[in-house]
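Asks: Here you go, sequence then predicted model.
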Amino acid sequence: MIRLKRAYDPASPSDGTRVLVDRIWPRGLSKAKVKIDAWMGDLGPSTALRTWFAHDPAKWSEFRARYIEELAAKRPLLDQLAPRARGGTLTLVYGARDPLHNQAVVIKEVLEGAGRPPRPRRARRRGRGRR
């Protein structure tokens with residue numbers, strides 16, 4: 001089971017494994033207060049995408065599509081999370097104020113198969129093709 005929880009909300013035993021999925025540490029919180037088992041900052045959206053989105057709900061659809069594209073290159077990180085969800089409760093921890101429009105929502109969709117990231121594109125070989 002995959003759950004989502006804001007970093008500023010208190011941790012509870014029912015959270016299971018808690019993984020922070022923000023690139024930036026939540027402002028004003030100590031590591032002891034967040035109580036995470038892992039910090040996978042590289043799984044968060046790129047700085048450019050995060051800055052462009054700025055948590056504007058009007059940009060959500062485009063953010064989601066772009067972020068799913070970025071996640072395609074982060075498949076090994078996603079693959080590290082999947083067994084944690086199968087083995088019990090996995091709580092994706094995020095710092096955003098909006099519980100409906102943040103990267104943890106997209107990561108959860110991808111892990112559950114609802115928003116599959118495409119496989120990374122391979123470079124095409126230039127040439128004459130088949131003979």
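Replies: That came in fine, so what should we check first?
Asks: Secondary structure element holding the spatially most central residue of the chain?
Replies: When CA atoms, centre = their mean is applied to the chain, the residue found nearest the centroid is Ile107 (3.9 Å). Per DSSP states H and E, Ile107 falls inside helix 103-111.
Asks: Run through who's touching that helix.
Replies: 2, 4, 21-22, 43-45, 64, 67-68, 71, 78, 81-82, 85, 92-94, 96, 99, 115-117 (CB atoms under 8 Å, 6 or more residues apart in numbering). All C-beta atoms are positioned from the backbone trio N, CA, C, and that covers glycine.
Asks: Same check on stretch 8-16?
Replies: 1, 3, 5, 18, 26, 29, 34-35, 84, 88-91, 95.
Asks: could you measure the residue nearest to the centre of the chain against Phe63, distance?
Replies: 13 Å (CB to CB, to the nearest Å).
Asks: Could I get the full set of strands for the protein?
Replies: Using DSSP state E, the strands found in the chain span residues 2-6, 17-20, 38-39, 90-94.
Asks: most neighbours per residue, which of those strands?
Replies: strand 90-94 (a mean of 24; mean count of other CB atoms under 10 Å).
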